[in-house]
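structure for this input, please:
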Amino acid sequence: MSSRVCCGTPKEGIGATPFYLVYGGEAVILAKVEVESDRLQHYYEDNAEMMLLELDLVDESRAKAAVRLMAYRQRMKQNYNRRVIPRSFQVSDLVWKKVKPVGDVTKLEAPWDGPFKVVEKLQSYAYYLEDEDGRRLERP
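The predicted model follows:
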């Protein structure tokens, strides 16, 4: 028995499927299943009026999705900031610098380099560093 099935899962951040936000309706595909959902039982081949009514509400749905997405991002930011431990260093402190991988870096290489001496402290929690030989690093 061939029937129609809705596809797509609403995303947490926007509260709707991306397909719905783009096209104004849920995607319906053919599949072989035994039981139809209520939405599919009430699906009509010539439902142009219903589709036009749903298109009128698409802009409102997109606006709601944008608001939900902003709230979701705010929650994610708060959760991240809750776990971050602020650290501050003073001039002449010894610190280690995280190595940013470039090219072929294996997972067994050290992720830190140093020690470096803090030479200058900037307002934005950035620091100028100096290596063991007294050479100042170019970028903070």
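
how about the secondary structure of residue 114?
Secondary structure, DSSP: H, G, I helix; E, B strand; the rest coil: residue 114 is strand.

so which strand or helix has the nearest residue to it once chain neighbours are set aside?
Closest residue to residue 114 in three dimensions, ignoring its sequence neighbours and counting by C-beta to C-beta, 6 or more residues apart in numbering: residue 96, at 4.0 Å. All C-beta spots, glycine's among them, are computed from the backbone N, C-alpha and C. Using DSSP states H and E, residue 96 sits in strand 94-98.

before we move on, what about residue 128?
Assigned by DSSP H and E, residue 128 falls within strand 127-130.

same check, this time on residue 79
Going by DSSP H and E, residue 79 is part of helix 58-83.

buried sites along that helix?
Using 16 or more other C-beta atoms under 10 Å as the test for burial, helix 58-83 gives 58, 61, 62, 65, 68.

give me the neighbour count for the residue nearest to residue 114.
Using other C-beta atoms under 10 Å, residue 96 has 12 neighbouring residues.

coming back round to it: name the helices or strands packed onto the helix holding residue 79?
helix 18-23 (3 or more C-beta pairs under 8 Å, 6 or more residues apart in numbering; DSSP states H and E).
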